[in-house]
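Visitor: requesting a structural model of the entry that follows:
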Amino acid sequence: QVQVVESGGGLVQAGGSLRLSCAASGLDVSIYGMGWFRQAPGKEREFVATIRWSDSTTGYADSVKGRFTISRENTKNTVYLQMNSLEPEDTAVYYCAAALTGGRWRLYVGNTYDYWGQGTQVTVSS
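Guide: Residues are numbered from 1 along each chain as shown. Purely as a prediction, here's the structure:
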């Protein structure tokens, strides 16, 4: 059974940092890429960051570029999201997802992903 599990969310003051982790297990095929999405109350889910497994090419939403960094554990199906200079607008449930297929630009789109985690809450206070 495939599982995608996020951890590392919490409450932080504006300007602070958090590091999210995500591990995908139970896969018997290779991952094409993994990504982070978020959903704030009353808003639609939005893309945050992605990393392609073959060459670690990364991509970011404009709203987090320069503040967030996505990285991967080379030997494990694990991805991290380092979030710096957090703003109240970053408050959301953050979801991790794994894609088994897709092109580079498709990793920016939610329906490309095959498996999703349950989400972890990130709250940034002003």
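Visitor: what residue lies at the spatial centre of this protein?
Guide: Against the mean C-alpha coordinate of the chain, by C-alpha atoms, centre = their mean, the closest residue is Trp36 at 1.9 Å.
Visitor: just for this structure, where's the confidence low?
Guide: Of all residues in the chain, none has pLDDT under 70.
Visitor: so what's the residue nearest to the centre of the chain closest to, chain neighbours aside?
Guide: Val48 (4.2 Å; C-beta to C-beta, 6 or more residues apart in numbering). Glycine gets a C-beta too; all of them are placed from N, C-alpha and C.
Visitor: restricting to C-alpha, output the helix or strand harbouring the one you found in CSV.
Guide: If you go by DSSP states H and E, Val48 is part of strand 46-52. Extracted C-alpha coordinates of strand 46-52, given in CSV (Å, rounded to 0.1, in the frame of the first residue of the first chain):
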residue,chain,number,x,y,z
GLU,A,46,-2.3,26.0,-5.1
PHE,A,47,1.0,24.8,-6.3
VAL,A,48,4.0,25.6,-4.1
ALA,A,49,7.1,23.7,-5.3
THR,A,50,8.2,20.6,-7.2
ILE,A,51,11.3,18.6,-7.8
ARG,A,52,12.0,16.1,-10.7
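Visitor: which helices and strands does the following helix or strand past that strand pack with?
Guide: Following strand 46-52 in sequence order, the next helix or strand is strand 58-60 (DSSP H and E). Contacts defined by 3 or more C-beta pairs under 8 Å, 6 or more residues apart in numbering; DSSP states H and E place strand 58-60 against strand 46-52, strand 68-73.
Visitor: quick one: contacts of the first one?
Guide: So that's strand 46-52. 32-39, 57-61, 64, 68-72, 79, 81, 94, 104, 107-110 (C-beta atoms under 8 Å, 6 or more residues apart in numbering).
Visitor: all set, thanks.
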